[in-house]
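give me coordinates for this.
(one chain, ligands or ions: 4)
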Amino acid sequence: MKSKQYVFLIFITGVLLNSLHWDTAFPQQSPVQDNPVLAPEAAVSPVIDGIGNDSCWQNVPWQSIAQVWIPYGAKVDSNDYSGHYKVVWSSTTNLLYFLVEVIDKVFVDGFMPGVTADIYNFDIVEVFIDEDKSGGLHVFDGKDSIGLQWGTNAENAFAYHIYADFPKEGQVTTKCYVYDLAGTSWSDAKSMNYTSHLPSFALRKTGNKAVWEFSLIVYNDTYEDTMSNKDSARVRLHAGKAMGLSLAYCDNDHPEKNPKVRDYMFGSVWEPSPGNFHWMNADYFGTVKLVSHLPSNTSTEQHKH
Ligand SMILES: [Ca+2]
Ligand SMILES: [Ca+2]
Ligand SMILES: [Ca+2]
Ligand SMILES: [Ca+2]
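Numbering: from 1, shown residues only. Ligands and ions are numbered 1, 2, ... in the order given. Model prediction:
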């Protein structure tokens with residue numbers, strides 16, 4: 001009995017020392033989004049104007065976009081970048097709605113498809129969604145070894161890269177360009193224009209704060225851009241539905257440099273080193289669960305910012 005107690009004491013001491021060591025090694029753990037993120041139903045859909053004063057956004061907790069995926073684990077000053085988001089849904093419109101708020105020292109735009117550097121080298125928001133939460137690779141409709149390395153269905157999950165020119169101070173833009181990669185291999189890689197997947201969009205800039213407000217159609221993995229009836233791949237949203245979901249922000253603070261190269265990529269969930277796996281693999285996505293209402297004990301504080 002005594003020796004058992006002794007072993008237990010050793011064990012507990014080990015656990016405590018280990019946790020102390022953990023805190024020392026990672027003194028300021030960056031927050032992650034809730035697991036799962038609970039998305040309440042919007043009784044009234046938001047007005048898409050880049051202002052988060054709609055009733056549906058009230059009392060919905062912010063979800064942090066604070067993990068540094070590129071360069072992995074880098075320390076970043078909060079006035080260089082900080083960002084967070086909210087998500088709700090509507091059974092009436094059958095859409096998801098996002099509100100994304102970012103503080104960024106310098107906003108960099110000027111992206112032109114096929115002309116400038118790739119879209120992720122500009123200040124953009126990314127939404128990663130895996131409708132059936134299957135996880136897995138989602139780069140190409142690959143066969144054989146390509147399929148093993150890059151996936152057998154590019155639409156297994158979507159990596160929406162959402163670009164818009166920044167409007168003038170205090171102004172709003174409703175024009176965006178949404179991109180993801182598809183095709184059967186790198187030699188056949190296609191730049192898909194998925195702008196139509198966001199039926200409404202607004203980006204407003206005030207000082208060093210930018211607010212994105214937009215709706216998103218949810219498609220399942222049978223989606224093909226060549227479909228004559230894309231609605232056949234559209235998912236009916238309902239309370240209780242769980243999906244893979246993460247958000248990210250690519251940050252470039254150097255408008256003078258050409259070609260553009262992003263400084264950082266931030267994500268809403270943890271990724272293992274060396275980071276930046278979401279564009280390839282839905283295994284790393286977080287989870288959103290659609291609910292009718294948030295539980296009444298949900299904090300309305302911005303507890304993670
Ligand atoms: Ca609004
Ligand atoms: Ca920045
Ligand atoms: Ca999937
Ligand atoms: Ca920036």
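
excluding chain neighbours, give the residue nearest to Ile217 in space.
Spatial nearest neighbour of Ile217, chain neighbours left out: His197 (5.1 Å); criterion: CB to CB, 6 or more residues apart in numbering. Just so you know, the C-beta spots here come from the backbone N, C-alpha and C atoms, and that holds for glycine as well.

would you mind measuring from the one you found to Val178?
Per CB to CB, to the nearest Å, His197 is found 6 Å from Val178.

need the residues touching each of these two.
Listed contacts common to His197 and Val178 are Tyr160; contacts here mean CB atoms under 8 Å, 6 or more residues apart in numbering.

same question for stretch 265-273, mean pLDDT?
Averaging pLDDT along stretch 265-273 gives 98.

follow-up on the earlier one: and the residue nearest to Ile217, what are its phi and psi?
phi -70, psi -10 (degrees, to the nearest 10).

surely it touches Leu216?
Yes - His197 is in contact with Leu216 according to CB atoms under 8 Å; the separation is 6.3 Å.

overlap in contacts of those two?
Counting by CB under 8 Å, 6+ apart, the residues touching both His197 and Leu216 are Tyr160.

residue closest to the middle of this protein?
The residue lying closest to the centre of the chain (CA atoms, centre = their mean) is Leu247, at 0.9 Å.

partner residues bridging that residue?
Val127 (DSSP bridges).

surely it touches Val102?
No - if you go by CB under 8 Å, Leu247 and Val102 don't touch, sitting 10.4 Å apart.

which neighbours do the two have in common?
Here Leu247 and Val102 share the contacting residues 65, 125, scored by CB under 8 Å, 6+ apart.

so which residue of the stretch 151-300 of the chain comes closest to ligand 3?
Asn156 (4.3 Å; CB to the ion).

you'd agree that residue is up against Ile129?
No - here Asn156 does not reach Ile129: they are 10.9 Å apart, not a contact under CB under 8 Å.

please identify the helix or strand for Ser78.
Per DSSP states H and E, Ser78 falls between elements, in no helix or strand.

for ligand 3, see how far away it is.
Going from Ser78 to ligand 3 by CB to the ion, to the nearest Å gives 34 Å.

wait, isn't that residue in contact with Ile103?
Yes - counting by CB under 8 Å, Ile103 is a contact partner of Ser78 at 7.3 Å.

so for those two, which residue has more residues nearby?
Using other CB atoms under 10 Å, the more surrounded residue of Ser78 and Ile103 is Ile103, with 15 against 9.

wait, a strand at that one?
Yes - looking at Ile103 with DSSP: H, G, I helix; E, B strand; the rest coil, it is inside a strand.

residue contacts, it?
Counting by CB under 8 Å, 6+ apart, Ile103 touches 78-79, 81-83, 208-209.

again, but for Ser273
By CB under 8 Å, 6+ apart, the contact list for Ser273 reads 72-73.

and the gap between it and His161?
Per CB to CB, Ser273 is found 23 Å from His161.

and the strands in the stretch 151-300 of the chain, which stretches?
Assigned by DSSP state E, counting those that start in this stretch, the stretch 151-300 of the chain shows strands spanning 158-163, 172-173, 177-182, 190-193, 201-206, 209-216, 242-251, 264-267, 287-291.

not counting sequence-adjacent ones, nearest residue to the residue of the stretch 101-250 of the chain found nearest ligand 3?
Distances between the stretch 101-250 of the chain and ligand 3 by CB to the ion are smallest at Ser134, namely 3.6 Å. Residue nearest to Ser134 in three dimensions, not counting chain neighbours: Asn156, with 6.3 Å by CB to CB, 6+ apart.
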